[in-house]
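[1] Model the structure of this input:
(2 chains)
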Protein chains: 2
Amino acid sequence: MVYVVALGGNAIAGPGLRVDYDSMLAAIKSAMRALLPLIVSRDLRLVVTHGNGPHVGLLAEALLRAGDHGLPQPLHVLTAMTQAWIGSMIKHVGEVLTRERGLEARFEVVATRVLVEVGPNTPMKPVGRLYTREEAEALASRLGWVMVEDPRGGWRRGVPSPPPLKVLDVDTVTTLLEGGFHVVACGGGGIPVVENDGVYRPVEAVVDKDLCSSKLAVALDADLLAILTDVKGVAVNYRKPGERWLRELKVDEARRLLERGEFPPGSMGPKVEAAIQYAEATGRRAVIGSLKEAYRVLRLESGTIIEP
Amino acid sequence: MVYVVALGGNAIAGPGLRVDYDSMLAAIKSAMRALLPLIVSRDLRLVVTHGNGPHVGLLAEALLRAGDHGLPQPLHVLTAMTQAWIGSMIKHVGEVLTRERGLEARFEVVATRVLVEVGPNTPMKPVGRLYTREEAEALASRLGWVMVEDPRGGWRRGVPSPPPLKVLDVDTVTTLLEGGFHVVACGGGGIPVVENDGVYRPVEAVVDKDLCSSKLAVALDADLLAILTDVKGVAVNYRKPGERWLRELKVDEARRLLERGEFPPGSMGPKVEAAIQYAEATGRRAVIGSLKEAYRVLRLESGTIIEP
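    Down below sits the predicted model:
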């Protein structure tokens, strides 16, 4: 059996979204401990996917300050770096936790690319920190960044955020799963590429990690897609009067709530969309729940189940 | 057949060791074009290894300037990042070059760890840029860095540089080679780990990429180890009166010249040592030659052959 388990980028950072090594290690240990009974299960292989928001933000800011020697450095390169940064820590923690218990599990990190199309109508997503107008103009002229005004005041970098069409490195993941590895894949939503005449070229874009995970889960014909986050599941009227947590949700009801704007974009919206896409394509159940309850969520004893 | 091909870190940077994307892409394209006839050969799988000196230096400097939010960040994490940075570009270029010719080749990047022992007698290697005494003292107290005085004046960070004992992710490399992939491995000499009670933990250290490549080539029982650099091979009296390029070198003669100090440490020394270790362990030939002549070097028509 293969389970695809998506971890939020914020869950791999420390308090205040710190991404120093010790803060990250503590967060990853906590997540991997919650998954441990599944990691050591003989009949199960995990494909762990993860976000990278705080990490890619730090790298981009750091490179900006280090002078022109290493610039420009496209976002897809930074995404690749965070795949290895976070991935090698997940691999390390997964192997250490199992060996400390006298067991053995092997992990591998796959530099996952994801096929997209980018055009004038592709939605833009703001990334990184707020800049003043002067800083924004300087960055636009120095690095060709597209800057978008932020409702909070100030400017942020805007990056195309196209839907994933296809995960490209599925055969690598399959080869490793068949070789007995757990796999870390789709880090940061994958390295986005476009296709021209059968040739893939990386592009400046970011892909939602839950939608990428869903595409991968479908391509792998995985037995479960579990999206783990910092809330206990899907709610209607979230943080509003009449808040109600849902234990089960049929795909057409989920689609209806999504279209009604019940789930905010950039937050629960893409998670529900990802779960719907997986459930519809495979006829299997997806689950959205709390990382702290990971084991119970993956046993469908906690969280919100999206029913095909 | 499996060939292990080691590329120097400087060869993956642009003029002046620039590591912006376009400079790196041009350098990697040039290297991969030279290897193309081997990449598309049906009976051959390549394991490409690479240095990361200019790249890890930039990342370390960039993170230092980005404030405490992401610090401390150990060197082994930066090495993992450069494995993905450089590795994903090699993968991309390798696949694009072959598809442009209507052929197909698959590449995968392995987050390679390497087992070391670090003790009080481990040699220290200076890394990164020169700092003033005041900067050096501030870095030592802020981040616990060991600072070493540089003969050119000023201070540099000193990092333990232990010999590699064993490459740990050989089974990943083997799984992928058997699945038909070319593999990028041992980036930057690998992520160094120490072992305690069967548990591996990453340590602050750097491992020579040629020695790591040699260990990997032995573990894979590779058919050839080729170390590609910016000179045409091994010379005695290099850049001195009586300079003589060697076409072939028996291992015991190579060992004798190495011990006589003919080959400088940090340059040709570890390359010759790596070639000797491989040739002695496998009874096969290693070759050291120019990246520009890569195809001819791998056919043993150029460069210096180290004979077992």
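[2] out of all of them, which helix in chain A is the longest?
    Longest helix of chain A, by residue count under DSSP state H: helix A:75-100.
[3] Extract the C-alpha set from the helix or strand following that one and format it as PDB.
    On the C-terminal side of helix A:75-100, the closest following helix or strand by DSSP states H and E is strand A:106-109. The C-alpha coordinates for strand A:106-109 follow below in PDB (Å, rounded to 0.1, in the frame of the first residue of the first chain):
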ATOM      1  CA  ARG A 106      14.900   3.800   4.100                       C
ATOM      2  CA  PHE A 107      14.000   7.200   2.800                       C
ATOM      3  CA  GLU A 108      14.800   9.000  -0.400                       C
ATOM      4  CA  VAL A 109      14.200  12.500  -1.700                       C
END
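[4] Identify the residues contacting strand A:106-109?
    A:83-84, A:87-88, A:90-91, A:94-95, A:176, A:180-185, A:187, B:110-111, B:169, B:171-172 (CB atoms under 8 Å, 6 or more residues apart in numbering or on different chains). Glycine gets a C-beta too; all of them are placed from N, C-alpha and C.
[5] repeat for stretch A:33-44
    Here stretch A:33-44 makes contact (CB under 8 Å, 6+ apart) with A:1-3, A:5, A:32, A:46, A:48, A:94, A:97-98, A:101, A:103, A:105, A:182, A:291-295, A:298.
[6] now that stretch: how far from the chain's centre is it?
    Remark: stretch A:33-44 is offset 21 Å from the chain centroid, using CA atoms, centre = their mean, to the nearest Å.
[7] So which residues on the stretch 101-250 of chain A come close to chain B?
    A:106, A:108-111, A:169, A:171-172, A:175-176, A:179, A:181, A:191, A:198-202 (CB under 8 Å from any CB of the partner chain).
[8] Of the residues you listed, which belong to strands?
    If you go by DSSP state E, these have A:106, A:108-109, A:181, A:191, A:199-202 in strands.
[9] what helices or strands is the strand or helix carrying A:Val159 leaning on?
    Assigned by DSSP H and E, A:Val159 falls within strand A:155-160. Contacts defined by 3 or more CB pairs under 8 Å, 6 or more residues apart in numbering or on different chains; DSSP states H and E place strand A:155-160 against strand A:124-131, helix A:133-143, strand A:146-149.
[10] so how far is chain B from the nearest residue to A:Ala235 once chain neighbours are set aside?
    Spatial nearest neighbour of A:Ala235, excluding adjacent residues (CB to CB, 6 or more residues apart in numbering or on different chains): A:Trp245 at 4.8 Å. Distance of A:Trp245 to chain B, computed by CB to the nearest CB, to the nearest Å: 34 Å.
[11] where does A:Trp245 fall, phi/psi-wise?
    phi -80, psi 140 (degrees, to the nearest 10).
[12] give me the number of residues near it?
    The tally of other residues near A:Trp245 (other CB atoms under 10 Å in any protein chain shown) stands at 13.
[13] picking up where we left off before, select from the ones in strands among the residues of the stretch 101-250 of chain A next to chain B the one having the most neighbours.
    A:Ile191 (30 neighbours).
[14] same for the helix or strand of chain A with the lowest mean pLDDT, what does it pack against?
    In chain A, the helix or strand scored least confidently by mean pLDDT, DSSP states H and E is strand A:124-131, which has a mean of 87. For strand A:124-131, the helices and strands in contact under the criterion 3+ CB pairs under 8 Å, 6+ apart are helix A:53-65, strand A:146-149, strand A:155-160.
[15] which of the ones you listed sits most buried?
    The highest mean neighbour count among these, using mean count of other CB atoms under 10 Å in any protein chain shown, belongs to helix A:53-65: a mean of 22.
[16] what's it packed up against?
    Under the contact criterion of 3+ CB pairs under 8 Å, 6+ apart, helix A:53-65 touches helix A:75-100, strand A:124-131, helix B:53-65.
[17] redo that, cut-off 10 Å
    helix A:21-39, helix A:75-100, strand A:124-131, helix A:133-143, helix B:53-65 (3 or more CB pairs under 10 Å, 6 or more residues apart in numbering or on different chains; DSSP states H and E).
[18] between these, which one is nearest to B:Val251?
    For B:Val251, the closest of the helices and strands packed on helix A:53-65 is helix B:53-65, at 27.4 Å, according to CB to CB.
[19] Just want the angle from that closest one to helix B:133-143.
    Orientation check (axes from the mean of the first three to the mean of the last three CA atoms, to 10 degrees): helix B:53-65 against helix B:133-143 gives 80 degrees.
[20] Are any of the contacts of stretch A:33-44 buried, and if so which?
    Buried members of the contacts of stretch A:33-44, counted by 16 or more other CB atoms under 10 Å in any protein chain shown: A:2-3, A:5, A:32, A:46, A:48, A:94, A:97-98, A:105, A:182, A:291-294, A:298.
[21] and those residues, which two are the farthest apart?
    Maximum distance among those (CB to CB): 23.4 Å, for A:Val2 and A:Lys292.
[22] Quick check: closest non-adjacent residue to the closest residue to chain B within the stretch 1-150 of chain A.
    Residue nearest to chain B within the stretch 1-150 of chain A: A:Ala84 (3.2 Å; CB to the nearest CB). Excluding the flanking residues, the one nearest A:Ala84 by CB to CB, 6+ apart is B:Ala84, at 3.2 Å.
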